Structures are given as C-alpha cells and as structure tokens.
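# give the three-dimensional model of this entry:
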Amino acid sequence: MLVQALRLRRQGARLSASELRAEIPLAGLLRMRDSSYQGRDGRGKQVCLLMPQTGGVAPLVELFSARVLRIEDRGILVGGHEEFWNRKQRTSYMQVLWAWPMPPESKDEPPPASASSPGVRRLLEALDSMV
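Residues are numbered from 1 along each chain as shown. Below you'll find the predicted structure:
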C-alpha cells in the first residue's frame, strides 16, 4: 500500500506534538510480512517494512516484532522494535509508525506555469506554423 508515514518515537521516547508537526512524512510502500527466520532470531515473527517508491532495496523504516495496533479511517498504527547499529553493537528501541494512504495523483493536472508564459506560447505557435 502506498502511504505517507511518521515515526512517533525517537530512540524509544515519544515525540511531543510540536516535534511531530515539524517532522516531514516519509513516502513509500508499506508491507507487513512474515520474518524469514520465523522468530528464531529473537526479532519476532512479523516484520513491517516501509520501502522507498523508487524501487530501492534498503527500507526507510524496518520494524521487527511488528503488529498492527489500530486501524482507523485516517490511517493505520503499527508498533514494533526499530534497530540502530553503531559499529558492531545493535540497539533496539520501541517504535510506532502512523501511516495513511497517499492520495492518488490527478491525471487532469493543469499545465505548469512556465508553459502559460507569453514567450513559450509564441514559441509553440511558431512551431505549429512551421508544420
């Protein structure tokens, strides 16, 4: 599902309302899938991935032991553990991801402002007259 998402925590601590307003939502494909290790690695059986739209292979957000906390009209709330690596040391923090569907792109978009400028219009008319 194509979504915009916000992380509601930073290193396990809740973000305040003012910090959340300042955050820029991440855009990508939200996926819930079974862990390839079926929980044998201590990371839980479910993994939530927010993958980039561009087809990149590194997830924007990866939550282990993920579970859906709430589904509403406005979006979905997913909780889990996010890992950070510092050299060879892994640190895991609680993370909550709030995701909502992205509006579909409108196909009836108006032409860009630069195409309506008089100079561009004259150039297009001159090209039409040449044909």
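
# contacts, neighbours, all on C-alpha from now
Will do.

# check which helix or strand the residue nearest to Val47 when sequence neighbours are not counted maps to.
With Cα to Cα, 6 or more residues apart in numbering as the criterion, Val47 has its nearest non-adjacent residue at 4.8 Å, and that residue is Phe64. Taking DSSP states H and E as the criterion, Phe64 maps to strand 61-71.

# quickly run through the sheet partners of that strand, with directions.
Using DSSP bridges, the strands paired with strand 61-71 are strand 46-52 (antiparallel), strand 76-86 (antiparallel).

# what is the mean pLDDT for stretch 21-28?
Summarised as a single mean, pLDDT over stretch 21-28 is 92.

# gap between that stretch and the chain center?
Centroid separation for stretch 21-28 versus its chain: 8 Å, with Cα atoms, centre = their mean, to the nearest Å.

# picking that back up, what comes into contact with the strand holding Phe64?
Contact with strand 61-71 is made by 32, 43-51, 76-83, 95, as judged by Cα atoms under 8 Å, 6 or more residues apart in numbering.

# 10 Å instead, please
Contacts of strand 61-71 with the rest of the structure, by Cα atoms under 10 Å, 6 or more residues apart in numbering, involve 5-7, 26, 28, 30-35, 39, 42-52, 76-83, 92-100.

# next one: stretch 80-94
Counting by Cα under 10 Å, 6+ apart, 8-14, 43-44, 46-48, 61-69, 79, 95-97 sit against stretch 80-94.

# recalculate using a threshold of 7 Å.
For stretch 80-94, contacts defined as Cα atoms under 7 Å, 6 or more residues apart in numbering pick out Gln11, Gly12, Glu62, Leu63, Phe64, Ser65, Ala66, Arg67, Gln95, Val96.
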